[in-house]
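# Sequence first, then the predicted structure:
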Amino acid sequence: MSKIWIGYWFKNWSIIYKICYAIVRTGMRTYFKRYELHNFEQLPKDTGLLFAANHQNAFLDPIVLAGQTNAPLYYLTRADIFKKKLANKLLRQLYMLPIFRQRDGVDTISKNATTFIECYDILKNQGNLVIFPEGNHNY
C-alpha cells in the first residue's frame, strides 16, 4: 500500500490536476485494499520517463499510474475530444495533449508536430509522459 502523500497541494500543478490527483489517491486507498507495485522505486528520478500504459476498454492503468507518481503525468490523448473550447481548456489543465490519428484525416497528421515538440520539452525537463500504444478500443 502506498504511503499518504499530501505535498502535491504545494506543487506548481493546475488546481484541476491537484483535485483529480486527490480523488485518485483517495479512491485507490478506498477501492483497492491491497495492491502491489514491483520495482517502481527503481525508476530513475533524474530524467523524464515515458510510460506505455494499457487501457483497453478501461482507464484503470493510467489512473493507478498517476496515483503512484509524485509528479504530474502528461497524456497523449486523441485529438477529436479537444474540438470544443471548454473541453480543450479542461483537458489541458489535466495535462492532456492532443494526438491526431490517421482516422481524424490525413491532413491533420501534420498538426502532431506541435504536440511532439511539447513531448520533447516535457521529457527534456524531466517530466513524465504517458502513451497508449493500443490506440483504440475493441468491443
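Perfect, thanks for sending it. Numbers count the residues shown, from 1 in each chain.

# rest of the way, CA atoms for contacts and neighbours
Will do.

# so Asn54 sits right up against Ile63, yeah?
No - if you go by CA atoms under 8 Å, Asn54 and Ile63 don't touch, sitting 10.8 Å apart.

# which residues touch stretch 66-85?
Outside stretch 66-85, the residues within contact range by CA atoms under 8 Å, 6 or more residues apart in numbering are 2, 8, 13, 17, 21, 24-25, 28, 87-88, 91, 94-101, 104, 127-132.

# again, only this time at 7 Å
Under the contact criterion CA atoms under 7 Å, 6 or more residues apart in numbering, stretch 66-85 has outside partners 21, 24-25, 88, 95-100, 128-131.

# What average pLDDT does that stretch get?
On average, the pLDDT along stretch 66-85 is 89.

# got the CA positions of that stretch in PDB?
The C-alpha trace of stretch 66-85 is given here as PDB (Å, rounded to 0.1, in the frame of the first residue of the first chain):
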ATOM      1  CA  ALA A  66      -1.000   8.700 -11.900                       C
ATOM      2  CA  GLY A  67      -1.800   7.900  -8.300                       C
ATOM      3  CA  GLN A  68       1.700   6.500  -7.700                       C
ATOM      4  CA  THR A  69       3.800   9.300  -9.000                       C
ATOM      5  CA  ASN A  70       4.900  12.400  -7.200                       C
ATOM      6  CA  ALA A  71       5.000  14.400 -10.400                       C
ATOM      7  CA  PRO A  72       2.300  15.200 -12.900                       C
ATOM      8  CA  LEU A  73       1.800  12.900 -15.900                       C
ATOM      9  CA  TYR A  74       1.200  14.300 -19.300                       C
ATOM     10  CA  TYR A  75      -1.000  12.100 -21.500                       C
ATOM     11  CA  LEU A  76      -1.200  11.800 -25.300                       C
ATOM     12  CA  THR A  77      -4.900  11.800 -25.900                       C
ATOM     13  CA  ARG A  78      -6.900  11.500 -29.100                       C
ATOM     14  CA  ALA A  79      -7.400  14.900 -30.600                       C
ATOM     15  CA  ASP A  80     -11.000  14.700 -31.500                       C
ATOM     16  CA  ILE A  81     -12.100  15.400 -27.900                       C
ATOM     17  CA  PHE A  82     -10.200  18.700 -27.900                       C
ATOM     18  CA  LYS A  83     -12.600  20.300 -30.500                       C
ATOM     19  CA  LYS A  84     -14.700  22.400 -28.100                       C
ATOM     20  CA  LYS A  85     -13.000  25.300 -26.400                       C
END
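
# Fine by me, we can end here.
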